[in-house]
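Visitor: Need coordinates for the following:
(one chain, ligands or ions: 1)
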Amino acid sequence: MEITNVMEYETLAKEKLPKMIYDYYASGAEDQWTLNENRYAFSRTLFRPRILVDVSKIDMTTTVLGFNISMPIMVAPTAMQKMAHPDGEYATARASAAAGTIMTLSSWSTSSVEEVASTGPGVRFFQLYVYKDRNGFKAIVLTVDTPFVLPPNFSLKNFDELNPGKLDKTDDPGLASYFAGYAVAQDNNLITYISEGFLTAEDARIAVQYGVAGIIVSNHGARQLDYVPATVMALEEVVKATQNKVPVFLDGGIRRGTDILKHWLLIGRPVVFALAVDGEAGVRKTLQMLHDELELTMALSGCCSLAEITRNHIVAPWDPP
Ligand code: FNR
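Guide: Reported below is the predicted structural model:
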């Protein structure tokens, strides 16, 4: 079957994967209201396309924290990718590098940092969970977004010496993962820290005060607290609160190039489902399809570069008619 858009990979992955694994990847919290809303909020955000613009040359390149990437689409951390495909995060790293974009490796990866690094050059971020212990001391711990027991034959490769049975025992996994962050390392030096999970101006202001290098507007793929707004609905509030002091990224429900015109983005599930269906080739194709859709969307909206995409090109649901 010829795959023509990112959503088709999910349909095929559902047929292919064991139900328990598909459900782990696909599901959201409780009633899944936020899961659906992440997607539908994009469909309520519309364009004001400009037509009297020469769009014969489209430039989609951008810079994230000083790293040049080919397009404003990056790969979000998703746990345990070897459950989707034997090549797991190794394949995702290769496909991301081939697409010229950044992959974020989850703390809960089933390929080790060394395996991923062995794929060769590429810009990679590492996601870690930071948890403030109730006894008053700080530690880096691991948590999962939903309580989940790793099936036999899979292990968390960066923590082989630990007993995986102990890893899902933070007493407050929800709170812990709101401290989720991406550590950005280059040549083994930790250079900066991006913090994820923001939906409010209040939290964004505090994060900026504490010196984060960037903010990701995220509701963790709607896997944590149900009935929080879709990320695209919270975006403007957070962007305004940061006063352009740090870059703001967004994830949750991105499945189309038309979604991407609305902001710099990371994708989670589309990578996992493409991986399940066709390994590295699937992830490459997913990134390529989103690239091509965004290019077409930019041309049809009259934007030749990302810098030319402005708020004037977008009609948000709360804008006056
Ligand atoms: C995640 N996400 C996530 N985030 C994180 O910081 N560490 C992790 O280990 C994981 N693991 C994970 C597993 C699965 C199966 C999913 C679906 C998500 C959240 C992820 O980084 C991102 O926020 C969402 O996936 C974005 O939403 P979409 O693109 O999946 O709709």
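Visitor: C-alpha only now, for contacts and for neighbours.
Guide: OK.
Visitor: Just the pLDDT at L65, thanks.
Guide: pLDDT, L65: 83.
Visitor: How many residues are close by M74?
Guide: 25 (other CA atoms under 10 Å).
Visitor: wouldn't it be in contact with G268 here?
Guide: No - counting by CA atoms under 8 Å, M74 does not reach G268; the two are 9.2 Å apart.
Visitor: As a check, name the ranges of all helices in the chain.
Guide: 6-16, 19-26, 33-44, 88-99, 113-117, 173-177, 201-209, 231-242, 257-260, 269-301 (DSSP state H).
Visitor: tell me the angle the third one makes with helix 19-26.
Guide: Using axes from the mean of the first three to the mean of the last three CA atoms, to 10 degrees, the interaxial angle of helix 33-44 with respect to helix 19-26 works out to 50 degrees.
Visitor: Show me what counts as buried in helix 33-44.
Guide: Of all the residues in helix 33-44, those buried under the rule 16 or more other CA atoms under 10 Å are W33, T34, L35, E37, N38, R39, A41, F42.
Visitor: Output the set of residues of this structure in proximity to the ligand.
Guide: With CA under 6 Å from any ligand atom as the criterion, the chain comes near the ligand at residues 24-25, 76-79, 106-108, 127, 180, 218, 220-221, 251-254, 267-269.
Visitor: residue furthest from the geometric center of this protein?
Guide: The C-alpha centroid of the chain is most remote from L52, which lies 34.0 Å away (CA atoms, centre = their mean).
Visitor: From the ligand, how far out is the closest residue to it other than its chain neighbours?
Guide: Closest residue to L52 apart from its sequence neighbours, by CA to CA, 6 or more residues apart in numbering: G302 at 7.3 Å. According to CA to the nearest ligand atom, to the nearest Å, G302 stands 26 Å off from the ligand.
Visitor: do you know how far G214 is from the ligand?
Guide: 14 Å.
Visitor: picking up where we left off before, which one of the helices of the chain has the lowest average pLDDT?
Guide: helix 173-177 has the lowest average pLDDT among the helices of the chain, namely a mean of 32.
Visitor: Next, give me the two most distant ones among the buried residues of helix 33-44.
Guide: Taking CA to CA as the measure, these span a maximum distance of 14.5 Å, between W33 and F42.
Visitor: is it true that R39 touches D251?
Guide: No - the pair R39 / D251 is not scored as a contact, 10.7 Å apart, by CA under 8 Å.
Visitor: returning to that earlier point: filter the residues of the chain next to the ligand to the buried ones?
Guide: Using 16+ other CA under 10 Å, the buried ones in those are 25, 76-79, 106-108, 127, 180, 218, 220-221, 251-254, 267-269.
Visitor: Which of the residues you listed fall in strands?
Guide: Among these, the subset assigned to strands under DSSP state E consists of Q127, D251, I267.
Visitor: With pLDDT as extra columns, can I get those in TSV?
Guide: Below are these laid out as TSV (pLDDT from 0 to 100):
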residue	pLDDT
Q127	84
D251	94
I267	95
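Visitor: Closest one of those residues to the ligand?
Guide: Distance to the ligand across these (CA to the nearest ligand atom) is lowest for I267, with 4.0 Å.
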